[in-house]
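S.K.: sequence first, predicted model second:
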Amino acid sequence: MMAILFVSACGGREEVSLKDELNPLNDQFFIEKHESYVEMLIEDQGFSMEEANEEAYRIQLNEVAIVNRAMELGMDVSEEEALNVAQEMRQYLVENSNETEEASAHTKAIIKQLGISEDQYWNEYVITSYKQMLMREQVMEYERQENPSKSWNERQEELIDEFKRNEATQIQEFKRQVGL
């Protein structure tokens, strides 16, 4: 549940919509997203700065590699599909408030930190995160069908390694920018 709700503020200023400005599709490395992950890992999970930097890099590398694989395969998720999932999650949190108190509190804290309304959060901001989650699910399903003898974790590591080989220059530049 918390994995689905895990979103962070990041993004460039050239995009026009709230969701794209604060939470762009993670098809490339973003310094702001890395910094947000580092902060969350230190504050919420007690990581040291060095550990948080390494883990934030690994998280973003995984996200970027899988989204790029989805794009290579021509997979896409519509805004409407992502919005439907976001609305289902919002409704679930309301209907199950006794069991989802921590998740609801976390969501409210994010909304407050972003300085946006609850409607903006659910109708705009999280859409990209849900698109990314649905794209990941599509890639997982595709890879399980195409490579039935391998576990998803094994295949995912292969995809990340392939991405690292193909995008070594981009990765090295990003690592330099974030001090790794």
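M.R.: On my side now, so go ahead. Residues are numbered from 1 along each chain as shown.
S.K.: mind listing the helices for the chain?
M.R.: 2-5, 18-22, 31-45, 49-72, 79-95, 101-114, 118-120, 127-146, 152-166, 168-177 (DSSP state H).
S.K.: need the pLDDT of the residue nearest in space to the middle of the chain.
M.R.: Closest residue to the average C-alpha location of the chain: S129 at 5.4 Å, with Cα atoms, centre = their mean. Note on S129: pLDDT of 86.
S.K.: same question for F6.
M.R.: 38.
S.K.: again with E99
M.R.: 79.
S.K.: quick check: it vs L93, distance?
M.R.: In this view, E99 and L93 are 9 Å apart by Cβ to Cβ, to the nearest Å. For every residue, glycine as well, the C-beta is placed using N, CA and C.
S.K.: can you check V85 too?
M.R.: With Cβ to Cβ as the criterion, V85 and L93 are 13 Å apart.
S.K.: same deal with R136?
M.R.: For R136 relative to L93 (Cβ to Cβ), the value is 21 Å.
S.K.: what sits against K131?
M.R.: K131 sits next to L25, V77, E79, E81, A82 when contact means Cβ atoms under 8 Å, 6 or more residues apart in numbering.
S.K.: tell me the pLDDT of the residue lying closest to L61 once chain neighbours are set aside.
M.R.: Distances taken as Cβ to Cβ, 6 or more residues apart in numbering put I160 closest to L61, at 6.3 Å, once the chain neighbours are dropped. On pLDDT, I160 comes in at 95.
S.K.: what's the neighbour count on I160?
M.R.: 17 (other Cβ atoms under 10 Å).
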